[in-house]
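Asker: sequence first, then the predicted structure:
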Amino acid sequence: MSQSAVTGRVAVVTGGIGGLGTEICRHLARQNRQVIAVDLAVRNERIAAFRDDVADLDGAVTFEAVDVSDFDSCQALASRIEQQHGRIDILVNAAGITRDASLRKMTPQHWHELMRVNLDGVFNMCRNVIEGMTSRGFGRIVNLSSVNGQTGQFGQTNYSAAKAGVHGFSMALARETARKGVTVNTVSPGYCDTPMVAAVSDEIRAGIIAEIPVGRLGSPADIARAVGFLGADDAGYITGINLPVNGGYFMSF
Ligand code: NAD
């Protein structure tokens, strides 16, 4: 793809160098979007590995270090991108963390750290792009929730609450912006083949796969395609939905 071909929509992906975020960036770039991957100012090697991953996309994907739990940094980021690129058309909120513990053992720190990233981060980013989107009459927001926000998960009261909250937030914002050309939707991945899931033991992973009717973990590309679909210009009649991408996992209940 040549640099001149990258003249389409401007997309921001938080958690953009993560397991799902990287593939979402790649997918949006292949859809001819100029993509800004936003993530923590993590170790240089991780950012260098990400740059290698997207090197074949000829500059369609760039990186910005921001902590989404910090409102002022998100505000500065949004105005920096709008100055550089003219606008933000697509926002994908994929930054997320886990702080697992059964409620008996969960500390306020576990709870607040997670809420600050997984829920405040969605507010901080949406709040700082929404006026630009509504004033231009176009926007696509896709928020990453999780199957565990719909089913609950042992040891994840904090994560399940935040992820259920993400969809409530999306529906409310979808109503506020429906007549202004801005759609807001949620994608809820099931268990995917990413470092987040690789961290569990082989035994637990085998148990998870046994419960997925499709018989495998989701791939990052499965999720990226769903995000790309909802982020498309011609997806304007779909708003306020939750799109579960989980290999039929709900049918097991
Ligand atoms: P990941 O851990 O690989 O990536 C998450 C990214 O978010 C990381 O790159 C991390 O550095 C970044 N991040 C964390 N805190 C941040 C902050 N304060 N500011 C900016 N960036 C921050 O996880 P993933 O598997 O790519 O998951 C992406 C999203 O999808 C998350 O919201 C996750 O909860 C959700 N999800 C993942 C799965 C799965 O199976 N992997 C399943 C359901 C939902």
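Answerer: Sure, I can see it.

Asker: give me every residue in the stretch 51-200 of the chain lying close to the ligand.
Answerer: By CB under 6 Å from any ligand atom, the residues of the stretch 51-200 of the chain that approach the ligand are 67-69, 94-97, 117, 144, 146, 189, 191-192, 194-197. For every residue, glycine as well, the C-beta is placed using N, CA and C.

Asker: please pick the buried ones from these.
Answerer: Among those, those classed as buried by 16 or more other CB atoms under 10 Å are 67-69, 94-97, 117, 144, 146, 189, 191-192, 194, 196-197.

Asker: which two of the residues you listed have the greatest separation?
Answerer: Based on CB to CB, the longest span within those runs between 67 and 191 and measures 26.8 Å.

Asker: so which of the buried ones among the residues of the stretch 51-200 of the chain next to the ligand is the closest to the ligand?
Answerer: The ligand lies nearest to residue 96 out of these, by CB to the nearest ligand atom, at 2.4 Å.

Asker: wait, isn't the closest one in contact with residue 144?
Answerer: Yes - if you go by CB atoms under 8 Å, residue 96 and residue 144 touch, sitting 6.5 Å apart.

Asker: okay, now the unreliable bits of this protein?
Answerer: Applying pLDDT under 70 to the chain picks out residues 1-7, 252-253.

Asker: can you give me the strands in the stretch 151-253 of the chain?
Answerer: 182-189, 242-245 (DSSP state E, counting those that start in this stretch).

Asker: right, and these - which one's nearest residue 113?
Answerer: Evaluated with CB to CB, these place strand 182-189 nearest to residue 113, the distance being 21.3 Å.

Asker: from the contact counts, what lies against the closest one?
Answerer: With contacts taken as 3 or more CB pairs under 8 Å, 6 or more residues apart in numbering; DSSP states H and E, strand 182-189 sits against helix 120-136, strand 139-144, helix 147-151, helix 157-177, helix 220-230, strand 242-245.

Asker: ok, so what distance separates the closest residue to residue 115 other than its chain neighbours from residue 168?
Answerer: Nearest in space to residue 115, with sequence neighbours left out and distances taken as CB to CB, 6 or more residues apart in numbering, is residue 162 at 5.8 Å. Taking CB to CB, to the nearest Å as the measure, residue 162 falls 11 Å from residue 168.
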